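Trainee: following is a predicted model, sequence given first.
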Amino acid sequence: MEIINFTPLSAFIGGILIGLAAFLLLLLNGRIFGISGIVSQIFSKDRDNRSWRISIVLGLLAGAFLIHLFIGTPEKMETVSNMRLIIGGILVGIGTRLGSGCTSGHGVCGISRLSMRSIMATLNFMVWAIITVSIFGSGFSN
């Protein structure tokens with residue numbers, strides 16, 4: 001299996017930025033930077049906390065757009081049908097509900113607060129990710 005475009009510097013910088021964003025949101029707003037919780041609460045009846053949640057989602061979308069604009073699309077991308085993407089999205093949504101959060105909430109914020117629940121959830125995410133890649137392939141092979 002050949003790994004393409006391993007970029008430790010950009011991964012390191014991205015990790016620092018995610019950690020900084022999580023730290024600032026907790027420090028300034030007292031909130032956890034868990035994307036599934038942020039997105040799900042956009043549609044709640046509590047309108048007071050909606051604006052910062054929308055800002056985070058728009059920032060994520062803008063960041064992805066800017067990376068695409070300045071760096072472009074990776075040379076080697078696996079194309080997936082829309083139905084497969086929809087089913088995958090639904091399964092991720094179900095998983096975040098069952099796991100009481102997503103990898104950003106548990107993996108970044110929960111582990112940094114030494115939450116045993118988050119540590120166990122993140123270990124569970126990683127085990128299933130390894131199993132899934134082992135069965136279905138990583139998308140990085142020729």
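Mentor: Looks like it arrived, so ask away.

Trainee: least confident secondary structure element in this protein?
Mentor: The weakest-scoring helix or strand in the chain, judged by mean pLDDT, DSSP states H and E, is helix 103 (a mean of 79).

Trainee: from the middle of its chain, how far away would that one be?
Mentor: Here helix 103 shows a centroid-to-chain-centroid distance of 6 Å under the convention Cα atoms, centre = their mean, to the nearest Å.

Trainee: now the residue positioned nearest the centre of the chain: closest residue in space, sequence neighbours ignored.
Mentor: By Cα atoms, centre = their mean, the chain has its centre lying nearest to Ser104, at 5.4 Å. Nearest in space to Ser104, with sequence neighbours left out and distances taken as Cβ to Cβ, 6 or more residues apart in numbering, is Ile35 at 4.9 Å. All C-beta spots, glycine's among them, are computed from the backbone N, C-alpha and C.

Trainee: what number of residues are in the vicinity of the one you found?
Mentor: 18 (other Cβ atoms under 10 Å).

Trainee: got a list of what it touches?
Mentor: Ile35 is in contact with Ile56, Leu60, Cys102, Ser104, Gly105, counting by Cβ atoms under 8 Å, 6 or more residues apart in numbering.

Trainee: go on, His106?
Mentor: Gly34, Gly99, Ser115, Arg117, Ser118, Ala121, Thr122, Phe125.

Trainee: recalculate using a threshold of 10 Å.
Mentor: When contacts are counted by Cβ atoms under 10 Å, 6 or more residues apart in numbering, His106 touches 32, 34, 36, 96, 99-100, 115, 117-125.

Trainee: any of those buried? List them.
Mentor: Ile32, Gly34, Ser36, Thr96, Gly99, Ser115, Ser118, Ala121, Thr122, Phe125 (16 or more other Cβ atoms under 10 Å).

Trainee: that concludes my questions; thank you for your assistance.
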